[in-house]
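The following block contains a protein sequence and its predicted model.
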Amino acid sequence: MEPQAPSPENTVDPRTLQRVLAAYREPRLARSVVELVITLIPFGLFWFLTWASVNAGYWLGLLLAVPAAGFLVRLFMIQHDCGHGSFFPSRRVNDWVGRALGVLTLTPYDLWRHTHALHHAYSGNLDRGRVGSIDTLSVRAYQDLPRAQRLRYRLYRHPLVLFGLGPIYLFMLSNRVPVGFMRAGWMPWLSTMGTNAAIVLLVTVMISMVGLGTFLVVHLPIAVLAGAIGVWLFYVQHQFENTRWAHDDEWTFHETALYGSSYYDLPAPLRWFTANIGVHHVHHLASRIPFYRLPEVLQDHPRLREIGRITLRQSLGCVRLALWDEERRRLVSFERQNMVKSPLSA
């Protein structure tokens, strides 16, 4: 019997890799400006085309809303890089571009940057508050809950809630007030209310130009679709079968960053619209790398293509995963969670 080749997990040390990846952190100003321009202008163009097509027929306008939503998703990814300080060489430019884009993405930039930093700091830790993340329970924790709380968790993890109602609540309502940070000082309020004021000003101008009904018919489908896509991407990046979750005493940042985040191997057009966010295992280990340099990392370090890799087709199966099985060290569905019984529920 021939010996098996070592798996990527046995040949890639996360700490060593993080030091190697520091060489890719430097953003390129000209490239960043071009990426912003080729995303912002087409978004405006498709928004205008969607509006212009409303009179020709609603369904044509709805069809044009799809690429408009795609460009809005890409604007959010640029805002995301600004939040990590990786898109422009200047921290100040990153922050002000991020704040401006937050008006379009309905996201208070400074508050989001804070919560997203917490997500990066504690992703995959079962014992830390999952601010900025999707709640995930272990099998035993779920089984030990009262029946009403188990039902509540099942509803929360239902696809119609996660990818339908959830994005609407997040971007339309939750982002309008500093939920969870009401007593955390002035920053959450300034970020949220400043963004709200800018949104009201922009929306008022747009409504004065096209009318309230037309504005809602055009922009709501774009915003809702973009929000659903964004939440789906965020979900798949950490909610896959062979991800990594651990309690505080076993959890380590480097291991969980690399092996608890997926490499979502999308077709080329989708990679472009999502700004390479699918290379999420590299991003979590070295978040200061600009999105347009992530393909360089995969080209120079091909072993990373096999760590946490899931295809578009495989990702559809992630929808059913909802609980962390601590014994088998993988995410499982509600149906399979009965294979592990809590001593308290026996």
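Alright, I've got the coordinates.

measure the closest residue to residue 87 other than its chain neighbours to residue 275 for me?
Nearest non-adjacent residue to residue 87, counting by Cβ to Cβ, 6 or more residues apart in numbering: residue 81, 3.9 Å away. Any C-beta I mention is one placed from the backbone N, CA and C, and that applies to glycine too. Going from residue 81 to residue 275 by Cβ to Cβ, to the nearest Å gives 8 Å.

For stretch 198-214, which outside residues touch it?
Contacts to stretch 198-214, defined as Cβ atoms under 8 Å, 6 or more residues apart in numbering, come from residues 51, 54, 103, 106, 215, 218-219.

do stretch 19-28 as well
For stretch 19-28, the external contacting residues (Cβ under 8 Å, 6+ apart) are 86-89, 282, 285-286, 288-290, 292-294, 296-297, 301.

Could I get the buried residue list for it?
Residues of stretch 19-28 classed as buried: 21, 24, 27 (neighbour count, 16 or more other Cβ atoms under 10 Å).

quick one: which of those sit in helices?
Within the buried residues of stretch 19-28, residues falling in helices by DSSP state H are residue 21.

Please name the residues that touch the residue nearest to residue 87.
With Cβ under 8 Å, 6+ apart, residue 81 has these contacts: 87, 94, 275, 290-291.

Residue 110: which of those is nearest?
Nearest to residue 110 among those is residue 94, at 11.6 Å by Cβ to Cβ.

Spell out the secondary structure type for the closest one.
Of the three states, residue 94 takes helix under DSSP: H, G, I helix; E, B strand; the rest coil.

centroid residue for this protein?
Per Cα atoms, centre = their mean, the C-alpha nearest to the average position across the chain is that of residue 234, at 3.1 Å.

that older thread, what is in contact with residue 81 and residue 275 at once?
In contact with both residue 81 and residue 275: residue 291, using Cβ under 8 Å, 6+ apart.

In the helix or strand where residue 67 lies, which residues are buried?
Counting by DSSP states H and E, the element that carries residue 67 is helix 58-83. Residues 61-62, 64-65, 67-83 are the ones in helix 58-83 that count as buried (16+ other Cβ under 10 Å).

Centre of the chain to it, how far?
Its chain's average C-alpha position is 14 Å from that of helix 58-83, according to Cα atoms, centre = their mean, to the nearest Å.

How about stretch 91-104?
Worked out by Cα atoms, centre = their mean, stretch 91-104 lies 18 Å from the chain centre.

now that stretch: mean pLDDT?
Averaging pLDDT along stretch 91-104 yields 98.

among the contacts of stretch 198-214, which two are most distant?
For these, the maximum inter-member distance is 23.2 Å, found between 54 and 103 (Cβ to Cβ).

Comparing the two, which residue is more hemmed in?
Neighbour count, other Cβ atoms under 10 Å: between residue 54 and residue 103, residue 103 has more, with 20 against 17.

So that one, which state does it fall into?
Residue 103 ends up helix, using three-state DSSP.

Now for it: which residues touch it?
195, 198-199, 202.

What's the ChimeraX syntax to select whichever of those are buried?
The ChimeraX selection below is limited to those of the contacts of residue 103 classed as buried (16+ other Cβ under 10 Å):
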select :195,198,199
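
Let's have the contacts of residue 103 in a markdown table, adding pLDDT, secondary structure and distance to residue 145.
Shown next, in a markdown table, are those (pLDDT from 0 to 100; DSSP: H, G, I helix; E, B strand; the rest coil; distance: Cβ to Cβ, whole Å):
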| residue | pLDDT | secondary structure | distance to residue 145 |
| --- | --- | --- | --- |
| 195 | 97 | helix | 36 |
| 198 | 98 | helix | 41 |
| 199 | 98 | helix | 38 |
| 202 | 97 | helix | 43 |
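
want to throw the contacts of residue 103 into a markdown table with distance to residue 45?
Shown next, in a markdown table, are the contacts of residue 103 (distance: Cβ to Cβ, whole Å):
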| residue | distance to residue 45 |
| --- | --- |
| 195 | 24 |
| 198 | 22 |
| 199 | 21 |
| 202 | 17 |
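
ok, the residue nearest to residue 103 when sequence neighbours are not counted to residue 148 distance?
Distances taken as Cβ to Cβ, 6+ apart put residue 198 closest to residue 103, at 4.5 Å, once the chain neighbours are dropped. From residue 198 across to residue 148, the span is 41 Å (Cβ to Cβ).

of all the contacts of stretch 19-28, which two lie farthest apart?
Within those, 88 and 301 form the most distant pair, 25.2 Å apart (Cβ to Cβ).

okay, those two: which has more neighbours?
Counted by other Cβ under 10 Å, residue 88 and residue 301 do not tie: residue 88 has more neighbours, with 22 against 16.

show me what contacts the nearest residue to that one once chain neighbours are set aside?
Among residues not flanking residue 88 along the chain, residue 94 sits closest, at 4.9 Å (Cβ to Cβ, 6+ apart). Residues counted as contacts of residue 94 (Cβ under 8 Å, 6+ apart) are 81-83, 85-88.

any chance of those residues in CSV, plus pLDDT?
Below are the contacts of residue 94 laid out as CSV (pLDDT from 0 to 100):
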residue, pLDDT
81, 98
82, 98
83, 97
85, 97
86, 97
87, 98
88, 98
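
In JSON lines: those residues, plus distance to residue 159.
JSON lines is the format used below for these (distance: Cβ to Cβ, whole Å):
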{"residue": "81", "distance to residue 159": "28"}
{"residue": "82", "distance to residue 159": "30"}
{"residue": "83", "distance to residue 159": "27"}
{"residue": "85", "distance to residue 159": "34"}
{"residue": "86", "distance to residue 159": "32"}
{"residue": "87", "distance to residue 159": "32"}
{"residue": "88", "distance to residue 159": "37"}
